[in-house]
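# What follows is a protein structure lacking sequence information:
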């Protein structure tokens, strides 16, 4: 507990001192830290709070689940939905993720919806179709007015925690494909959708990745565990 809050405090101080005011930084700590992190970022115009997951249920007998209503009551503004680890280890389906998206929107939270392909799909060359299907099955039931509140995070699963990183060309290719696919469904609304890249982003490659036309930011994993590295990534944008 103390270690997590110490890290957050370092990040908060660095961001406030070093990051320009037009960059939005969203922190997604474990559930047990949410209330305390909310207090640490209170009054900041740069820092916002996200949960790492939520339940698709907002009531009933679901002991141990964290509903979006609960998250909202703690001051959370965003929630990550469909992270690759949730899909892989907890077998979350596109249908379940659609329900989580609906639950988040119903309680005024902004979903950060994750999509991405494993190595075998990348090597088979069907990765664009694979990701498009994830988006279609989990998001395309939304009307335009609701879709305006969605953030998309592309995670090449083969580049998470492996030390491998998608090249800037690979990242841009997928982000452009996602943007085109969303615009075909939602028109001008999707032109303003934030597309984040998540996959071994670090200080040494962040600037090149963020320079891509359709990469609007990053979903940072391992590098966020070092306050200096995380802040330097943010400053690369």
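Sure thing, it's come through. Treat the numbers as computed from the prediction; the structure is a model and nothing was measured.
# got the contact list for residue 128?
Contacts for residue 128 (C-beta atoms under 8 Å, 6 or more residues apart in numbering) come out as 174, 177. For the C-beta atoms, the positions are set from N, CA and C on the backbone; glycine is no exception.
# how close does it get to residue 156?
Taking C-beta to C-beta, to the nearest Å as the measure, residue 128 falls 12 Å from residue 156.
# Over to residue 60?
36 Å.
# for residue 144, same thing?
28 Å.
# Give me the more crowded residue out of those two.
A direct count of neighbours by other C-beta atoms under 10 Å for residue 144 and residue 156 places residue 156 higher, at 26 against 12.
# The more buried one touches residue 117, doesn't it?
Yes. Under the criterion of C-beta atoms under 8 Å, residue 156 makes contact with residue 117 at 6.6 Å.
# element containing the closest residue to residue 115 other than its chain neighbours, please.
Spatial nearest neighbour of residue 115, excluding adjacent residues (C-beta to C-beta, 6 or more residues apart in numbering): residue 134 at 4.3 Å. Secondary structure assignment for residue 134, by DSSP states H and E: helix 127-139.
# hang on, the earlier thing: tally of neighbours for the residue nearest to residue 115?
19.
# what's near enough to touch it?
82, 94, 115-116.
# tell me which of these is nearest to residue 179?
Closest to residue 179 out of the contacts of residue 134 is residue 115 (12.7 Å), distances taken as C-beta to C-beta.
# where does that closest one land on pLDDT?
What the model reports as pLDDT for residue 115 is 98.
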